[in-house]
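J.: Okay, here's the prediction I keep looking at, along with the sequence it came from:
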Protein chains: 2
Amino acid sequence: MKHLLKITAFICCLLAPTYDVNAQRKKNDYSEKNTSIFPRGQRVPANNFTGKAWVQQLILPDSAFNIPVGNVTFEAGARTYWHSHPGGQALLALDGVGYYQEKGKEIQVLRKGDTIKCPPNTPHWHGASPETGFTQIAITPNTSSGRVNWLQPVTDQEYSSFRK
Amino acid sequence: MKHLLKITAFICCLLAPTYDVNAQRKKNDYSEKNTSIFPRGQRVPANNFTGKAWVQQLILPDSAFNIPVGNVTFEAGARTYWHSHPGGQALLALDGVGYYQEKGKEIQVLRKGDTIKCPPNTPHWHGASPETGFTQIAITPNTSSGRVNWLQPVTDQEYSSFRK
């Protein structure tokens, strides 16, 4: 019995370093605190988003460089309303699992390292997957026709249309 | 003696999960393989860089969205030549420790989460610190006057002028 205890303790010591005690904590805290490269920033206004999302402006535009860049964090289930950009938009997925959909097309899943180039004046939406939050960089030029035209909310039926 | 062995083994089990076996490995492998969000991509041409650097194009420009976005990785000590951008440039620091300098100003240190907005036609350079590699996103609009004007190399004297 004593030998069995010692052998068990020894095996435990060998295996323990491979167990990341932070992994589960990080997953659970996704929507609670910043776990990404950039600060989570401020809650976005509720009138153009469903669920909780945060934005941190990384590059403020001016007349010489009129391309705002922001870090956007969505909690699981959160998404933008349908919208379009007169100057188009680039998205860079940094963390979590996201959804992106252009009108008339199927939902695309976005994971860390994925990128999207959304053409000008193309209705689309983006956000987190139902189970996991999502963090992205959004590069959205200002133009003489504006920067974003907001449309209707993404319905639960549209959001749940993803074919796994 | 048997009790001492069991107590030692038990304490070992408690402490082991807090030791991240990957931390040192990640640090050592910085310049050897991709440890960042985006692929490391291809080696940049040697004629405009000092030391080893890699670029992965994330967003290819077109007539509708004429803003190339790239992920650039510098090994420790590597840097661009002096250069300027007719449309300016935004830099987002993702990993490691970087240097950024505009002509006539002091070197700035860039760490994960730092951002730079470089004005149009402003001579500058960027790269890694001497001891640690650096990974950045570069957002560099194409303009009717081009995208980048390359200048002279950053000398060792200029590179080592950072005041700690």
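T.: Here it is on my side, so go on. Numbering: from 1, shown residues only, chains lettered A, B, ... in the order given.

J.: drop to CA atoms for contacts and neighbour counts, all remaining ones
T.: Noted.

J.: Give the next helix or strand downstream of the least confident helix or strand in chain A by mean pLDDT.
T.: One helix or strand of chain A scores below all others by mean pLDDT, DSSP states H and E: helix A:21-28, with a mean of 41. As assigned by DSSP states H and E, the chain's next helix or strand after helix A:21-28 is strand A:42-43.

J.: Packing partners of that following strand?
T.: The contact analysis (3 or more CA pairs under 8 Å, 6 or more residues apart in numbering or on different chains; DSSP states H and E) places strand A:42-43 against strand A:53-59.

J.: Just confirm yes or no for the strand it packs on near chain B.
T.: Yes: applying CA under 8 Å from any CA of the partner chain, one finds strand A:53-59 touching chain B at A:58-59.

J.: For the following helix or strand past that strand, C-alpha coordinates in CSV please.
T.: Using DSSP H and E, the next helix or strand after strand A:53-59 towards the C-terminus is strand A:69-74. Output of strand A:69-74 as CSV, limited to C-alpha atoms (Å, rounded to 0.1, in the frame of the first residue of the first chain):
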residue,chain,number,x,y,z
VAL,A,69,-8.6,51.1,-36.7
GLY,A,70,-10.3,49.5,-33.7
ASN,A,71,-10.2,46.4,-31.5
VAL,A,72,-13.6,44.9,-31.1
THR,A,73,-14.5,42.2,-28.5
PHE,A,74,-17.8,40.3,-28.6
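
J.: quick one: strand A:69-74 near chain B?
T.: No: Strand A:69-74 lies apart from chain B when judged by CA under 8 Å from any CA; the minimum separation is 8.7 Å.

J.: That strand pairs with which strands?
T.: Sheet pairing for strand A:69-74, assigned by DSSP bridges, gives strand A:53-59 (antiparallel), strand A:134-139 (antiparallel).

J.: Run through who's touching it.
T.: With contacts defined as CA atoms under 8 Å, 6 or more residues apart in numbering or on different chains, strand A:69-74 is touched by A:31, A:38-40, A:51-60, A:127-128, A:133-140.
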